[in-house]
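**Q** Following is a predicted model, sequence given first.
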Amino acid sequence: MPLPKAELHLHIEGTLEPELAFELAARNGVTLPYATTDELRKAYDFEDLQSFLNLYYELMAVLRTEQDFADLANAYLARAAAQGVRHAEIFFDPQAHLSRGVSMGTVVEGLWRALGSWGSPRASEAERGGERNHGISTRLILCFLRDESAESALETLEAAKPYLDRITGVGLDSAEVGHPPVKFREVYEAAAALGLRRVAHAGEEGPPAYITEALDVLGVERVDHGLRCMEDPALVERLVRERIPLTLCPLSNVRLRTVDTLADHPLPAMLDAGLMCTVNSDDPAYFGGYAGDNFTAVQQTLGLPEDRLRELARNSFLASFLEDDEERRARYLAEVEAYEFGDAVS
Ligand code: HPA
Ligand SMILES: [Zn+2]
């Protein structure tokens, strides 16, 4: 049985496996510039974040209808459930769809078809059919693309207003360097005024100063990646003191060459420093593994002992946006404490 965990850093578009990409391409009459799934997989040799993003945006062309987004999310939930994920806070990138003529409604309604509101205290009895979505409670986090303009982010938030009952928070992703958090001050203020939770990618490729800015200017409650905080001891001390969760993605860091090899990953040093770390998959279809695969990789390659693995799982639920359902959080945490380790944690 896999270790129960929450996944807090997962881009739903990054769960598009080659097989589903070809299936959706055929269904929608879209021609992909790859002849076979094997040929597509060969393109998964990334040099950095941008080289990955180019393919990530290219493949989104196959996502056109509500059913496409529902199929995408269902495939993710099935894989995640099999690896012990009990709760997932899922990013989506509306601007990457709006720019192709796919509406906010298509994206959100499609995802909702798969996620439903099971696991939400606002769900009606009819919606509480846990089996339908593999028994995973979920939240949706709308991400702004930081390489698009601040005005575009504001327009995106405006377009999301009819769907805010389904959206828990906002995030910030895409090409980091040259696009500091301060660029999005206004849209984050507007999001906060609407009662949305706030997170942002920072310190993946960008400098530690972007992490500080995300906290101070955008008011984020969690930092996505945050890896480069380790270059600034005063920042580490602050993150520890304020118990700011970091959503780390070890296999992503290797594939995007943020670290040289998994054995060089700073996760053990980060845990030793007292940082509130979590382990997540980011874009699992592209980076070679889902949440449990990331846990197994850090267990095997970094030699993390059982108490550290349990700590990572506990942190994932503590850092999740389950404030509207503390009863459920307590149940998940009890499962973590009762877990008996076997051979593998995925
Ligand atoms: O790892 C990532 N970093 C930044 N933006 C992203 N969008 C999808 N995945 C990522
Ligand atoms: Zn990410």
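**A** Everything's here; your move. Ligands and ions are numbered 1, 2, ... in the order given.
**Q** Look through the stretch 51-200 of the chain and state the residue closest to ligand 1.
**A** Across the stretch 51-200 of the chain, the shortest distance to ligand 1 (CB to the nearest ligand atom) belongs to Asp173, at 3.5 Å. All C-beta atoms are positioned from the backbone trio N, CA, C, and that covers glycine.
**Q** where in the stretch 1-150 of the chain is pLDDT low?
**A** 117-133 (pLDDT under 70).
**Q** What residues does it have near ligand 1?
**A** Contact residues (CB under 6 Å from any ligand atom) of the stretch 1-150 of the chain with ligand 1: 11, 14, 49, 56.
**Q** The residue of the stretch 51-200 of the chain closest to ligand 1: what's it in contact with?
**A** 11, 91, 93, 143-146, 201, 224 (CB atoms under 8 Å, 6 or more residues apart in numbering).
**Q** Also Leu256?
**A** So Leu256 contacts 46, 48-49, 52, 204-205, 287 (CB under 8 Å, 6+ apart).
**Q** Now do it against Val102, distance only.
**A** According to CB to CB, to the nearest Å, Leu256 stands 26 Å off from Val102.
**Q** Could you do Gly116 as well?
**A** Distance from Gly116 to Val102, by CB to CB: 21 Å.
**Q** and what of Glu204?
**A** Taken as CB to CB, the span from Glu204 to Val102 is 26 Å.
**Q** ok, the two, which is more surrounded?
**A** Glu204 (24 against 21; other CB atoms under 10 Å).
**Q** beta partners of the spatially closest residue to the more buried one that is not a sequence neighbour?
**A** In space, and not counting its chain neighbours, Glu204 is closest to His225: 3.8 Å by CB to CB, 6 or more residues apart in numbering. His225 forms beta bridges with Ala202, as assigned by DSSP bridges.
**Q** Give the burial count for Leu24, as a bare number.
**A** 22.
**Q** got the buried residues for the helix or strand encompassing it?
**A** Assigned by DSSP states H and E, Leu24 belongs to helix 18-28. Within helix 18-28, the residues scored as buried using 16 or more other CB atoms under 10 Å are 18, 20-22, 24-25.
**Q** following that helix, which helix or strand comes up?
**A** helix 37-42.
**Q** Would you mind listing the outside residues contacting that following helix?
**A** 18-19, 21-22, 32, 34.
**Q** out of the contacts of Leu256, which are buried?
**A** For the contacts of Leu256, buried by 16+ other CB under 10 Å: 46, 49, 52, 204-205, 287.
**Q** And the furthest pair within those?
**A** Glu205 and Phe287 (15.0 Å; CB to CB).
**Q** for the chain, what spans make up the strands?
**A** Using DSSP state E, the strands found in the chain span residues 5-11, 85-92, 137-145, 169-173, 197-202, 222-225, 245-248, 276-279.
**Q** quick one, what contacts Ala200?
**A** With CB under 8 Å, 6+ apart, Ala200 has these contacts: 171-172, 181, 184, 214, 218, 220, 223-224.
**Q** excluding its backbone neighbours, what's nearest Ser320?
**A** Ser320 sits nearest to Ala6 (CB to CB, 6+ apart), 4.7 Å away.
**Q** so the one you found touches Gly84, yeah?
**A** No: Ala6 lies out of contact with Gly84 (CB atoms under 8 Å); the separation is 9.9 Å.
**Q** who has more neighbours, the two?
**A** Ala6 (29 against 22).
**Q** and the more buried one, what does it touch?
**A** Contacts of Ala6 by CB under 8 Å, 6+ apart are 85-89, 278, 316-317, 319-320, 332.
**Q** again, only this time at 6 Å
**A** 87, 316-317, 320 (CB atoms under 6 Å, 6 or more residues apart in numbering).
**Q** Of these, which is the nearest to ligand 1?
**A** Among the contacts of Ala6, and counting by CB to the nearest ligand atom, the member closest to ligand 1 is Ser316, at 17.8 Å.
**Q** okay, now Pro181: neighbour count?
**A** With other CB under 10 Å as criterion, Pro181 counts 25.
**Q** Which pLDDT value does the model give it?
**A** pLDDT, Pro181: 98.
**Q** picking that back up, deepest in the core, which of the strands of the chain is it.
**A** strand 5-11 (a mean of 28; mean count of other CB atoms under 10 Å).
**Q** Tell me what angle it forms with strand 85-92.
**A** Strand 5-11 runs at 20 degrees relative to strand 85-92, counting by axes from the mean of the first three to the mean of the last three CA atoms, to 10 degrees.
**Q** Send over strand 5-11 as CSV, restricted to the C-alpha atoms.
**A** In CSV, the C-alpha atoms belonging to strand 5-11 read as follows (Å, rounded to 0.1, in the frame of the first residue of the first chain):
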residue,chain,number,x,y,z
LYS,A,5,-0.1,12.0,0.4
ALA,A,6,-1.4,15.2,-1.0
GLU,A,7,-0.1,16.6,-4.3
LEU,A,8,0.2,20.4,-4.2
HIS,A,9,2.2,21.1,-7.4
LEU,A,10,0.7,19.5,-10.4
HIS,A,11,-0.1,21.2,-13.8
